[in-house]
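# need coordinates for the following:
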Amino acid sequence: MTFESMNRSAAMFAARSATVVAALGLTGAALAIGGLSDRPQDAPAVGSGRAGDRAARRDANRNGADHARMAEAMRASGMTLAKAIATAEKQLKGSAVDARCARTGPNEPAAVEVTVLNESGQLMVAVINVGDGTVRSTRAASAEDFAVAGASPFMILKASEVRNCSIVDAERRTVGSVEELVIDEARGRIAYAIVDVEGSADRKVAIPWTALLHEEGSYRVSLRGATLAQAPRHDSAKWSALASDDFARQVADFYGNPIYGSDMALESGVPLIFVKLGDVIGMRIEGTDKAKLGVIEDLAIDPASGRISYAALSFGGFLGFNDKLFAVPWDALRSRKDGSVVLAVDKARLKDAPGFDKAHWPTTANEQFDEEIRSFYRKRTAAAGE
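Residues are numbered from 1 along each chain as shown. Predicted coordinates for the structure are as follows:
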C-alpha cells in the first residue's frame with residue numbers, strides 16, 4: 001500500500017469521523033460508532049460498503065444490553081466521541097481518521113478505539129476508557145482497523161524480502177538498510193528491524209516495526225531531528241538485551257513510540273522470546289511423533305502491524321507437492337522444550353491443507369483465505385506433546 005493510498009483512505013476516514021462528531025454535537029453523549037447509538041433507530045449508520053458490513057457483523061455479535069451499557073456509560077461520565085478523539089490525537093500526536101466501539105467483555109469497562117494518522121505517517125490506534133477518558137493502550141493499526149470502502153486491499157509481505165530494503169528518513173534520504181527481522185515468538189509479530197546504519201561501519205540499531213512506514217521498496221522512519229547513528233545501538237553479541245525493559249524504554253524514547261509490547265500483555269508464565277527471521281526460515285517442522293513434516297520457507301506479514309499472517313511451509317518430502325506452499329497460522333506451530341517445532345496435524349490430512357503456488361505468492365490479504373486457514377487448523381490441530 002503506497003503512502004498516497006493511505007492518505008486517500010485517511011481522508012475518507014476523516015470525513016466520516018467529522019460527520020460523527022457533528023452528530024454528537026447535537027445529541028450530547030451519543031455514541032454513533034461500531035453500530036452503537038443512543039440516537040433514534042432510523043438515524044444513519046456510520047460506515048458503508050465493506051467497512052459498514054464489518055461494523056454490522058460486529059454489531060450482530062453484541063446484544064442489546066451491551067449497546068445500552070455503552071450508551072449509559074457515556075451519559076454517566078459525560079464522555080463524548082469528540083473528547084475521545086481529542087485525547088487520542090494528543091496521545092499519538094496526529095489526526096484522527098476513524099473511531100469505533102472497542103471490543104470488551106461484559107465485565108470490562110466500555111472503551112472507544114480511535115485510529116490516528118500520526119506525524120510520521122503511521123496509522124496508530126488508541127483505546128480510550130469511556131468512564132474516565134484515560135488512554136487504556138495504544139498499538140499499530142491492523143488490516144481490520146484500516147478497512148474502509150474503496151480503500152486499496154491490505155497488503156501482505158514476504159518477510160524475507162524485507163531484508164536488504166532501504167530505510168529512508170522524512171526527506172527520503174537513505175539512512176540504512178534492513179539486515180534482519182526480530183520476531184516476538186509468543187505474540188506472533190515482528191518486534192524490531194535490525195538496521196545497518198548508512199556510513200557507520202559496524203553500527204547496528206533496532207527500530208521498532210511500528211516506527212517504520214512501508215513504502216514502495218523502502219521503509220520510512222521519523223528521526224525527529226536526530227540521525228540514525230544517534231539511535232540506541234544494538235550489539236549483535238548481546239541478543240538477549242533486545243528483550244530487556246531498559247532497552248525497550250531507550251528505543252521508545254528515541255523514536256517517540258509506545259514501549260514495544262506494553263499494549264499486548266503476555267499470558268502469565270509465558271516468556272518474552274525474540275528469534276531471528278534467519279533462524280525461522282528453513283526451520284524443520286515435526287509431527288507429534290517427531291517425524292519431519294516439512295520446513296518453513298517464509299513468513300507472510302502485515303506491513304502495518306508486523307503481525308505474522310501465516311507461515312509458508314513446504315511438505316514436498318512426503319506429500320509430493322513440489323510447487324505448492326501451505327499456509328499455516330503462526331499459533332498452530334508449537335515449540336517443544338527441546339527447541340523443536342511441532343505441527344500437530346495428522347499427515348494424511350495435510351494433503352487437504354490450504355496453500356498456494358510457490359511462483360504466485362498472495363500480495364494482498366484475503367479474509368476468506370485467512371478464515372479457511374484458521375478453520376482448517378482449528379478443526380485438525382491437537383495440543384502438541386511436550
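# could I get the CA-only coordinates of the helix or strand harbouring Gly278 as CSV?
Following DSSP states H and E, one finds Gly278 within helix 277-280. Output of helix 277-280 as CSV, limited to C-alpha atoms (Å, rounded to 0.1, in the frame of the first residue of the first chain):
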residue,chain,number,x,y,z
LEU,A,277,13.9,-14.4,10.9
GLY,A,278,17.0,-16.1,9.6
ASP,A,279,16.7,-18.8,12.2
VAL,A,280,13.0,-19.3,11.4
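# distance from the chain centre to it, please.
Mean C-alpha position of helix 277-280 versus that of the full chain (CA atoms, centre = their mean, to the nearest Å) differs by 20 Å.
# next one: stretch 331-347
On CA atoms, centre = their mean, the centre of stretch 331-347 falls 24 Å from the chain's centre.
# repeat that for stretch 365-376.
On CA atoms, centre = their mean, the centre of stretch 365-376 falls 17 Å from the chain's centre.
# before we move on, what about stretch 253-264?
14 Å.
# using PDB, write down the CA coordinates of it.
Extracted as PDB, the C-alpha positions of stretch 253-264 are listed here (Å, rounded to 0.1, in the frame of the first residue of the first chain):
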ATOM      1  CA  ASP A 253      12.000   7.400  23.900                       C
ATOM      2  CA  PHE A 254      14.200   7.800  20.800                       C
ATOM      3  CA  TYR A 255      11.500   7.000  18.200                       C
ATOM      4  CA  GLY A 256       8.600   8.500  20.200                       C
ATOM      5  CA  ASN A 257       6.700   5.200  20.100                       C
ATOM      6  CA  PRO A 258       4.900   3.300  22.900                       C
ATOM      7  CA  ILE A 259       7.200   0.700  24.500                       C
ATOM      8  CA  TYR A 260       7.000  -2.500  22.500                       C
ATOM      9  CA  GLY A 261       4.500  -4.900  23.900                       C
ATOM     10  CA  SER A 262       3.100  -2.600  26.600                       C
ATOM     11  CA  ASP A 263      -0.300  -2.900  24.900                       C
ATOM     12  CA  MET A 264      -0.100  -6.700  24.300                       C
END
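# what does that stretch contact?
93, 120, 127, 137-139, 184, 187, 191-192, 207-208, 210-211, 221-222, 224, 226, 230-232, 245, 248-249, 251-252, 272 (CB atoms under 8 Å, 6 or more residues apart in numbering). For every residue, glycine as well, the C-beta is placed using N, CA and C.
# average pLDDT across it?
Here stretch 253-264 scores 83 as its mean pLDDT.
# circling back to that earlier point, residues of the helix holding Gly278 that come out buried?
277, 280 (16 or more other CB atoms under 10 Å).
# helix or strand next in line after it, which one?
Toward the C-terminus from helix 277-280 - assigned by DSSP H and E - lies strand 284-286.
# just the buried residues of that next one, please?
285-286.
# for it, what is the distance to the chain centroid?
With CA atoms, centre = their mean, you get 26 Å for strand 284-286.
# so which elements touch it?
Judged by 3 or more CB pairs under 8 Å, 6 or more residues apart in numbering; DSSP states H and E, strand 284-286 is in contact with strand 292-301, strand 341-343.
# repeat that for 10 Å
If you count contacts as 3 or more CB pairs under 10 Å, 6 or more residues apart in numbering; DSSP states H and E, strand 284-286 packs onto strand 292-301, strand 308-314, strand 341-343.
# just give the closest residue to Asp245, not the sequence neighbours.
Among residues not flanking Asp245 along the chain, Ile259 sits closest, at 8.0 Å (CB to CB, 6 or more residues apart in numbering).
# just Tyr377 next, same as before
Tyr377 sits nearest to Ala332 (CB to CB, 6+ apart), 4.3 Å away.
# is it true that the one you found touches Val345?
Yes - between Ala332 and Val345 a contact is recorded at 7.9 Å, counting by CB atoms under 10 Å.
# and the residue nearest the centre of the chain, how far from Ala291?
Nearest to the mean C-alpha position of the chain, by CA atoms, centre = their mean, lies Ser305 at 2.8 Å. For Ser305, the distance to Ala291 equals 35 Å [CB to CB, to the nearest Å].
# roughly how far apart are the residue nearest to Tyr377 and Gly282?
19 Å.
# what about the residue nearest to Asp245, which SS state?
coil (DSSP: H, G, I helix; E, B strand; the rest coil).
# can you count the residues close to it?
15 (other CB atoms under 10 Å).
# ok, Leu92 next?
That count, for Leu92 with other CB under 10 Å as the rule, works out to 25.
# nearest spatial neighbour of it, chain-adjacent residues omitted?
Per CB to CB, 6+ apart, closest to Leu92 is Val116, 4.2 Å.
# and what of Ile156?
Ala300 (4.7 Å).
# my guess is the one you found contacts Phe326. True?
No - the pair Ala300 / Phe326 is not scored as a contact, 11.9 Å apart, by CB under 10 Å.
# joint contacts of the two?
Residues touching both Ala300 and Phe326 by CB atoms under 10 Å, 6 or more residues apart in numbering: 310-312, 356.
# what's the most distant pair in those?
Spatial extent of the shared contacts of Ala300 and Phe326 (CB to CB) is set by the pair Ala311 and Phe356 at 12.9 Å.
# work out the gap between stretch 260-269 and the centre of the chain.
14 Å.
# got the end-to-end distance for that stretch?
19 Å (CA to CA, to the nearest Å).
# hey, which of the helices and strands packed on strand 284-286 is tucked in deepest?
With neighbours defined as mean count of other CB atoms under 10 Å, these peak in mean count at strand 308-314, which reaches a mean of 24.
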